[in-house]
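*Asks:* Please work out how this folds:
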Amino acid sequence: MIKVLSISVLFFLSTILAGDTVKRDPDTAKKLSFFPGAGQIYNGDYLKGLALFFSEAYSIYQVSKFSKPLDGIVNVGKRNTFIWWAIGIYVYGIIDAHVDSELSSFPDKNSLLDDSGE
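*Replies:* The predicted structure follows:
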């Protein structure tokens, strides 16, 4: 539970800290995101990219750990749970990188206020 909470806090902080307005190419971000975290790093979300990479690595490590028999018993339930986590994190990373790069050209609230003279 602590790990899930800490990962959630990292994602939240990375979205707050990422405040650039550089236009990113969505196709490049999507291609880079096939390596976990690379699409987020391309988009400037360094903390989120590292969190995705380490989350994916941890999930794969746990899959390999629970795939080995311990006293002749393989814990299939935990292994399958971490497989689903790894798949979910991977797909989330691809979708997130693509959406973030698409929204990089979207004007933010501060730039709209500056242009209107208010």
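
*Asks:* Can you get me the centre-to-centre distance for the longest helix seen in the chain and its chain?
*Replies:* Longest helix in the chain, counting residues (DSSP state H): helix 76-102. Its chain's C-alpha centre and that of helix 76-102 lie 8 Å apart, by Cα atoms, centre = their mean, to the nearest Å.

*Asks:* Give me the buried positions along that helix.
*Replies:* Within helix 76-102, the residues scored as buried using 16 or more other Cβ atoms under 10 Å are 79, 82-83, 85-86, 89-90, 92-94, 96-98, 100-101. Where C-beta positions appear, they are placed from N, C-alpha and C, glycine not excepted.

*Asks:* ok, now stretch 50-70?
*Replies:* Under 16+ other Cβ under 10 Å, the buried positions of stretch 50-70 are 51-53, 55-56, 58-60, 62-63, 66.

*Asks:* The closest residue to Ser33 other than its chain neighbours: what's it in contact with?
*Replies:* Nearest residue to Ser33 in three dimensions, chain neighbours excluded: Gly39, at 2.9 Å (Cβ to Cβ, 6 or more residues apart in numbering). Going by Cβ atoms under 8 Å, 6 or more residues apart in numbering, Gly39 touches 29-30, 32-33, 49, 93-94, 96-98, 100-101.

*Asks:* cutoff 10 Å now
*Replies:* Residues in contact with Gly39 (Cβ atoms under 10 Å, 6 or more residues apart in numbering) are 24, 26, 28-33, 45, 48-49, 52, 93-98, 100-101.
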